[in-house]
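Participant: just to be clear, the model below is a prediction. Sequence and coordinates:
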Amino acid sequence: MNKYFFTGVALLFTMISCNSGSTQNQDKKETEGKTEVYESNNPLDVAFGDPFIVYDNESDMYYMYGTGGVKNGFMAYSSKDLKTWEKRGQVYSSDQEKAWGTKDFWAPEVYKRNGKYYMFYSAHWKNNPNNELENYKIGVAVSDSPTGPFEDMTGEPLFDPGYPIIDANVYFADDGKLYLYYSRCCYKHAVESEIADWAREKKMFDEIEESWIYGVELSADFASVIGEPVLLLRPPVSMDDQQAEWESRSVTSGEVNRRWTEGSYLMKHNDTYYMMYSANFFGGQHYAVGYATASNPLGPFQKSAANPILQKNTENGGIVSGTGHNSVLEDRDGKMWCVYHGRTNKTGNDRLVFLDELQLTENGELKVNGPTVKAD
């Protein structure tokens, strides 16, 4: 799986500096005196949100999972070259005996372990005595094949921290430990901050709800968590924080009274842990990606001064907006890709999948060469 191989060797690709507002159709880089040109294939003809791609060396195929495409479940696509994708049909359905979710099946990620394929996903839990509008939890389903069928392991969510959670991501540490990362939903989570004060003074919103990213150790059998979750990332409290402007755009634009920190993805290079995450409304134009670093998988994490590293380019003459909820893929040749969803002025409101090169600069900064689009 892709997280197993995010090592120093995997990241010895050419270091160049890229602008997240790029509108180029091609990515050029210098390698040993030669210029290599990568044609953009974006957006892919796959209408997924929250895309996740895994390379399966047994079949020598790439498999993609995401939000959408089927009701109350998940479907998959496969590809040999990351350009042409074949629809493989529904791979998980809530119409099964152990299903615990009722609706809103979101953000699947699939990991291979001991010959089995495990799908982590979010859904609305049927155990809802208080009739909460957002009763989201994380579940795990298993299959003998990357194309399913995936069957729920226990008939219950993985765990219940006492608040709604989404966007599971699993990291396999060098010492054999496993870690689960997730986002606490904004729902009923009003937080005081200078942004909230500003919104009240402007008579825009009475309160601002926030989502926060947590991490917790995961059992080896994926059946439970170990210890208590640790808060890792949240929106800035102060308006002087250099992250406050880009992470608060959904509020300051009047779009919605929520600030998100979600869609986390953890990877490691040398002794540094990189957590990529998304901020702002997933259904709006301001959705964007940043990252934070730490020396431990459970933090503390420090957000990068380079944030956001992926965002809309419509203000710079481009056509892409709503870029976010990324994962990372290492392809069969060792090249790293940022896999994310976005929209274009030409394709409308449907979330489509994008792949752009992910690079690590000599000073340790992550760079996404995108968003790019294919030439007309």
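Facilitator: That came in fine, so what should we check first? Residues are numbered from 1 along each chain as shown.
Participant: how long is stretch 264-280 from one end to the other?
Facilitator: 13 Å (Cα to Cα, to the nearest Å).
Participant: any idea how far that stretch is from the middle of the chain?
Facilitator: 10 Å (Cα atoms, centre = their mean, to the nearest Å).
Participant: for stretch 286-305, same thing?
Facilitator: 13 Å.
Participant: list the buried residues of that stretch.
Facilitator: 286-294, 297-299, 301, 303-304 (16 or more other Cβ atoms under 10 Å). From N, CA and C alone the C-beta is placed, and that goes for glycine too.
Participant: pLDDT on that stretch, on average?
Facilitator: Averaging pLDDT along stretch 286-305 yields 98.
Participant: which of the buried residues of stretch 286-305 sits closest to residue 269?
Facilitator: Lowest distance from residue 269 to those (Cβ to Cβ) belongs to residue 293, with 9.5 Å.
Participant: residue contacts, that closest one?
Facilitator: Residues near residue 293 by Cβ atoms under 8 Å, 6 or more residues apart in numbering: 272, 273, 274, 275, 301, 302, 304, 364.
Participant: near the last one, how many other residues are there?
Facilitator: The one in question is residue 364. For residue 364, the neighbour count with other Cβ atoms under 10 Å is 12.
Participant: that's a helix at it, yeah?
Facilitator: No. Residue 364 is assigned coil when assessed by DSSP: H, G, I helix; E, B strand; the rest coil, not a helix.
Participant: can you pull out the strands in the stretch 1-150 of the chain?
Facilitator: 26-31, 34-39, 49-56, 61-67, 73-79, 86-93, 106-113, 116-124, 136-143 (DSSP state E, counting those that start in this stretch).
Participant: using JSON lines, lay out those together with mean pLDDT.
Facilitator: Listed next are the strands of the stretch 1-150 of the chain as JSON lines, based on pLDDT from 0 to 100:
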{"stretch": "strand 26-31", "mean pLDDT": "40"}
{"stretch": "strand 34-39", "mean pLDDT": "50"}
{"stretch": "strand 49-56", "mean pLDDT": "97"}
{"stretch": "strand 61-67", "mean pLDDT": "98"}
{"stretch": "strand 73-79", "mean pLDDT": "98"}
{"stretch": "strand 86-93", "mean pLDDT": "98"}
{"stretch": "strand 106-113", "mean pLDDT": "97"}
{"stretch": "strand 116-124", "mean pLDDT": "98"}
{"stretch": "strand 136-143", "mean pLDDT": "98"}
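Participant: to residue 356, which of these lies closest?
Facilitator: Nearest of those (Cβ to Cβ): strand 26-31, 7.7 Å.
Participant: where in this structure is pLDDT low?
Facilitator: Residues of the chain that meet the criterion pLDDT under 70 lie in 1-38.
Participant: who are the packing partners of the top strand by length along it?
Facilitator: In the chain, taking DSSP state E as the definition, the longest strand is strand 320-330. On a contact count with 3 or more Cβ pairs under 8 Å, 6 or more residues apart in numbering; DSSP states H and E, strand 320-330 meets strand 49-56, strand 261-269, strand 272-279, strand 288-294, strand 336-344, strand 352-360.
Participant: what number of residues lie near residue 135?
Facilitator: A count of nearby residues for residue 135, using other Cβ under 10 Å, gives 22.
Participant: what pairs with the longest strand of the chain, parallel or antiparallel?
Facilitator: Strands that pair with strand 320-330, judged by DSSP bridges, come out as strand 336-344 (antiparallel).
Participant: strand 261-269 and the strand it pairs with, what's the angle between them?
Facilitator: Inter-element angle recorded for strand 336-344 and strand 261-269: 160 degrees (by axes from the mean of the first three to the mean of the last three Cα atoms, to 10 degrees).
Participant: okay, angle between strand 336-344 and strand 352-360 too, please.
Facilitator: Using the same axes, to 10 degrees: strand 336-344 against strand 352-360 is 140 degrees.
Participant: mind checking how far strand 336-344 is from the chain centre?
Facilitator: Distance, centroid of strand 336-344 to centroid of chain: 10 Å (Cα atoms, centre = their mean).
Participant: can I get that strand in CSV, CA atoms only?
Facilitator: Extracted in CSV, the C-alpha atoms of strand 336-344 (Å, rounded to 0.1, in the frame of the first residue of the first chain):
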residue,chain,number,x,y,z
MET,A,336,4.2,10.7,-5.9
TRP,A,337,0.7,12.0,-6.7
CYS,A,338,-1.7,14.2,-4.9
VAL,A,339,-5.1,12.7,-5.5
TYR,A,340,-8.0,15.1,-4.8
HIS,A,341,-11.4,16.3,-6.0
GLY,A,342,-12.3,19.6,-7.6
ARG,A,343,-14.6,21.3,-10.0
THR,A,344,-14.2,23.3,-13.2
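Participant: one step back: show me which of the buried residues of stretch 286-305 is closest to residue 119.
Facilitator: The closest of the buried residues of stretch 286-305, once distances to residue 119 are taken by Cβ to Cβ, is residue 297, at 21.8 Å.
Participant: for the closest residue to that closest one other than its chain neighbours, give me its contacts.
Facilitator: With sequence-adjacent residues excluded and distances taken as Cβ to Cβ, 6 or more residues apart in numbering, residue 297 is closest to residue 179, at 5.0 Å. By Cβ under 8 Å, 6+ apart, the contact set of residue 179 is 170, 171, 173, 215, 216, 217, 218, 266, 297, 298.
Participant: which strand or helix spans the fifth one?
Facilitator: For residue 216, the enclosing helix or strand under DSSP states H and E is strand 212-218.
Participant: now that strand and strand 272-279, what's the angle there?
Facilitator: 140 degrees.
Participant: tell me which strands strand 212-218 pairs with, and in which orientation.
Facilitator: When DSSP bridges is applied, strand 212-218 pairs with strand 178-184 (antiparallel), strand 225-233 (antiparallel).
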